[in-house]
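A.B. asks: turn this into a model:
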Amino acid sequence: MVVSIHPDLQVLFEDIYIKERKVEGVIVQEHSSALEKFKTNTILELKEGHHLDELKNDRMIRAYRDFYWSIEIDPTKIRPAAEALIRRALKGGGFPKINTAVDAYNIASVITKVPFAAFDAAKVGDNFLLRRAEEGEEFLGIGMDEPMTLDGNEILLVDKDEPIAIFPYRDADRSKITMDTKDVYIVGCGAPGVDEDVIEDAIRECARCVRRFCTNE
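C.D. replies: Okay, the predicted model is just below:
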């Protein structure tokens, strides 16, 4: 898998780092007792180290919030994925329960505070591009009944020029991970102010979590 950044976007944001991994041979299940225990322990650690009213001042959370403001997206209404998950946990809501692969990379996002996009490798190509959305372009995200119309401020991850994610908070329905998924592409979503080695460490942790709960390794 190769992820490239459109030159026009690279000029605006010189230090957006994108890292990717492929995890092969996954076994996606509805439930894992070990994973649920890991979720519970992660929430306990979050509550020990974070306070909801101070979360916005966390360095990593702030970097993604500032990035949102720079592309005219209000992060108090549409939150970066990692922040949204952490807030949900701190409010006592727990983590979403989708399937073991999705749940595993969600936990990795919480631990690293880096948003991830993840796709069924059989449903996408091997080359992705990060670019600006075009005004009027449509995007059908996971859980949507109808496509949303984009205003051109969004940043998209595309495959063969078809959106597979709004960067860095929502994946497309067409490439989602299901119980039939065998191989997973993971993309670590950087932002200005987040060092390249942070994203590298995060994608490594994400791949480790997926392997831990979705393979026989």
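A.B. asks: which SS state does Val102 fall under?
C.D. replies: For Val102, the secondary structure call by DSSP: H, G, I helix; E, B strand; the rest coil comes out as helix.
A.B. asks: wait, it touches Met179, no?
C.D. replies: No - contact criterion CB atoms under 8 Å: Val102 and Met179 do not qualify, at 10.8 Å. For the C-beta atoms, the positions are set from N, CA and C on the backbone; glycine is no exception.
A.B. asks: these two: who's more crowded?
C.D. replies: More crowded of Val102 and Met179, by other CB atoms under 10 Å: Val102, with 22 against 11.
A.B. asks: just how off-centre is the lengthiest helix in the chain within its chain?
C.D. replies: The single longest helix within the chain, with elements called by DSSP state H, is helix 196-214. Centroid separation for helix 196-214 versus its chain: 12 Å, with CA atoms, centre = their mean, to the nearest Å.
A.B. asks: how near is the closest residue to Glu14 other than its chain neighbours to Ser70?
C.D. replies: Leaving aside its sequence neighbours, Glu14 sits nearest to Pro192 (CB to CB, 6 or more residues apart in numbering; 7.9 Å). Remark: distance between Pro192 and Ser70 (CB to CB, to the nearest Å) = 8 Å.
A.B. asks: cool, and Pro147?
C.D. replies: Pro147 is 25 Å from Ser70, by CB to CB.
A.B. asks: check which residues of the least confident helix or strand in the chain by mean pLDDT are buried.
C.D. replies: Sorting the helices and strands of the chain by mean pLDDT, DSSP states H and E puts helix 7-12 at the bottom, at a mean of 84. Residues of helix 7-12 classed as buried under the neighbour-count rule (16 or more other CB atoms under 10 Å) are Leu9.
A.B. asks: counting by contacts, list what that helix packs against.
C.D. replies: With contacts defined as 3 or more CB pairs under 8 Å, 6 or more residues apart in numbering; DSSP states H and E, the packing partners of helix 7-12 are strand 127-132.
A.B. asks: other residues contacting the strand it packs on?
C.D. replies: 1-6, 8-9, 16, 18, 20, 152-159, 161, 164, 167, 187 (CB atoms under 8 Å, 6 or more residues apart in numbering).
A.B. asks: and the residues you listed, which of them are in helices?
C.D. replies: Counting by DSSP H, these contribute 8-9 to helices.
A.B. asks: got a PyMOL select line for the buried ones in the contacts of strand 127-132?
C.D. replies: Only the buried entries of those go into this PyMOL selection, using 16+ other CB under 10 Å:
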select buried, resi 1+3+5+9+16+18+154+155+156+157+158+159+164+167+187
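A.B. asks: can you tell me the distance between the two ends of stretch 8-25?
C.D. replies: 36 Å (CA to CA, to the nearest Å).
A.B. asks: chain center to it: distance?
C.D. replies: Distance, centroid of stretch 8-25 to centroid of chain: 12 Å (CA atoms, centre = their mean).
A.B. asks: next: stretch 165-176.
C.D. replies: Stretch 165-176 sits 8 Å away from the centroid of its parent chain (CA atoms, centre = their mean).
A.B. asks: pull out the buried positions in that stretch.
C.D. replies: Residues 165-172, 174-176 are the ones in stretch 165-176 that count as buried (16+ other CB under 10 Å).
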